[in-house]
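[1] show me how the following folds:
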Amino acid sequence: MSAPVPTIASGALRKILATLTAFDVDPAPICAELGIERSAVDDPDARFPLATYYDLWEAVLRTLPRPGSALLMAQANAPGDYGLMGFVVMNSATVREALGSFARFAGLWTDAAEIRLDEDGTLRVIHRAGFADRLGLRVATEAAPAEILHGARLLTQTNVTPLEVRFAHRAPSDTSVHESFFQCPVRFGQRDTAMVLRREDLALGLPKADAQLGAFLRGMANEALKRRAGAAPRSHERIREIVAEELQKGVPSLEQVAKRMATSERTLRRRLEESGTSFRNLLDETRAELARSYVRDRHLPLTEVAFLLGFSEPSAFHRAFKRWTDTTPSAWRQRTE
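    Here you go, the predicted structure:
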């Protein structure tokens, strides 16, 4: 199985589309262009391949070709837009605690990058896998510290000003918006992507935070993080069940399975891609597993096994079984007697 495709929570796309609307831009044509289903964007549990997120940023910049667009749009967002992780942040005692929670629960938002808060107040964005340089990646990278800083300013009701902001990518043609927004030296082409905060700003309290609510939400976030790091999605098992049921009528299609799961073919394909597999892989794995079980049953003729697995002729079944097991069905049956 291939490595899981890096993903980001649907809320990340939802924030961008909502901001476009606030800028009097209809997001529908962009969604249609990129094949983004609004129902999936509105699903709080949905996730999108990171490439789709970068595609969306690039489409935004074609629609709003302004210097520092990501930073301007960051000011239209609030910590609550980050879902559960955002509400944990909002109910932290200090900026340092809030950033620590942001770093800890960043995996609820995306599995593509790690957020790390060093003791000296340096907040680092570390990509877990290499990505080809593209405009969407650069803009999304700039948006991350901008949204964090904007959130800190909102929650403390103070004009928090970093000591320095660094980006690993090259500088855009116009950096005036960056300097105006961050109000500190902003350097590009550096060895890392980071924002360095003052100790006194890290110690600032969040006046509207609720400590009791914060503790409750952190417990929920911890559980959500455990589930996120757990086994393959339950949908995989449901797909296997449906495939096993449908095989006697012939090999089921992705469209048939999606219909039985009350979702669209496109959404199901995307969710499988996010988890690093495909319908073809699950179909093949299910047939292989069933084949071993059926062949063990000596009361089932091998021609009947081929039919039960949806093969049009025994020879096709024999070829597939040898690919799965490196032996023939007859030899497997004798070996398991």
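
[2] now do the contacts for the residue of the chain positioned farthest from its centre.
    Most distant residue from the mean C-alpha position of the chain: H299, 47.0 Å away (Cα atoms, centre = their mean). By Cβ atoms under 8 Å, 6 or more residues apart in numbering, the contact set of H299 is empty. All C-beta atoms are positioned from the backbone trio N, CA, C, and that covers glycine.

[3] where do the helices sit along the stretch 201-337 of the chain?
    Applying DSSP state H, counting those that start in this stretch to the stretch 201-337 of the chain gives helices spanning 211-228, 234-246, 254-260, 265-274, 279-296, 302-308, 314-325, 329-335.

[4] so which of the ones you listed is nearest T52?
    helix 265-274 (8.3 Å; Cβ to Cβ).

[5] in whichever helix in the chain runs longest, which residues are buried?
    Ranked by residue count and defined by DSSP state H, the top helix of the chain is helix 135-156. Residues 136-152, 154-156 are the ones in helix 135-156 that count as buried (16 or more other Cβ atoms under 10 Å).

[6] helix or strand next in line after that helix, which one?
    For helix 135-156, the following helix or strand on the C-terminal side (DSSP states H and E) is strand 164-166.

[7] give me the contacts around that following strand.
    145, 178, 182, 184-188, 190-196.

[8] list just the nearest of those residues to T7.
    T193 (19.7 Å).

[9] apart from its chain neighbours, what residue comes closest to that closest one?
    V125 (4.5 Å; Cβ to Cβ, 6 or more residues apart in numbering).

[10] I figured that neighbour hits A113, correct?
    Yes - counting by Cβ atoms under 8 Å, V125 touches A113, with 5.6 Å between them.

[11] what's the overlap in contacts for those two?
    Joint contacts of V125 and A113 (Cβ under 8 Å, 6+ apart) are A144.

[12] any of the contacts of strand 164-166 buried? List them.
    Of the contacts of strand 164-166, these count as buried by 16+ other Cβ under 10 Å: P145, H178, F182, C184, V186, F188, T193, A194, M195, V196.
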